[in-house]
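1. Got a predicted structure plus its sequence, pasted below:
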Amino acid sequence: MNAQNDTHSKTIGYILWLFGFFGAHRFYYGKPITGVIWLLTLGLLGIGWLVDLFLIPSMDRQADFRYTSGRVDYSIAWILQTFLGPLGIHRFYMGKILTGILWLCTGGLFGIGWAYDFCTLNRQIDELNRASR
């Protein structure tokens with residue numbers, strides 16, 4: 001696979017895996033349903049979290065095939081979302097200035113918008129990258 005299709009990073013995946021019992025790596029790789037399950041069950045009581053250590057390379061390949069590379073980098077947006085999400089910094093990065101300001105003033109719309117972005121960020125980035133082609 002060429003670098004142009006390399007939308008996600010295994011390194012970022014493993015860093016987020018450290019927080020995996022909260023599902024961060026699963027959200028990053030575009031698996032919001034299992035991300036929520038990991039969040040609610042602490043990584044299937046830690047068992048799923050350990051299994052994911054070995055599944056990250058395949059999740060990375062699937063994400064690389066599924067999503068479009070472009071001006072918005074998935075890894076940067078996800079790091080901003082994961083650690084600064086309620087401040088809307090990831091939205092500013094994606095060029096969504098108005099909602100970035102809204103997130104900044106309301107704590108990510110009181111956390112609901114931040115949670116929404118965990119489930120939809122890959123799709124949002126993919127749409128932006130496809131539109132900029």
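-> Done, it's in.

2. Can you list the residue ranges for helices in this structure?
-> Along the chain, counting by DSSP state H, helices occupy 10-17, 24-28, 32-45, 47-66, 74-84, 89-93, 97-110, 112-131.

3. Packed most tightly, which of those helices would that be?
-> Ranked by mean neighbour count under mean count of other CB atoms under 10 Å, the helices of the chain are led by helix 24-28, which reaches a mean of 27. For every residue, glycine as well, the C-beta is placed using N, CA and C.

4. tell me the contacts of R130?
-> Neighbouring residues of R130 by CB atoms under 8 Å, 6 or more residues apart in numbering: 68, 70.

5. got a list of what the residue most central in space within the chain touches?
-> For the chain, the residue nearest the mean C-alpha position is Y28 (3.2 Å; CA atoms, centre = their mean). Contact partners of Y28, counting by CB under 8 Å, 6+ apart, are 8, 12-13, 16, 63, 74, 78, 82, 122.
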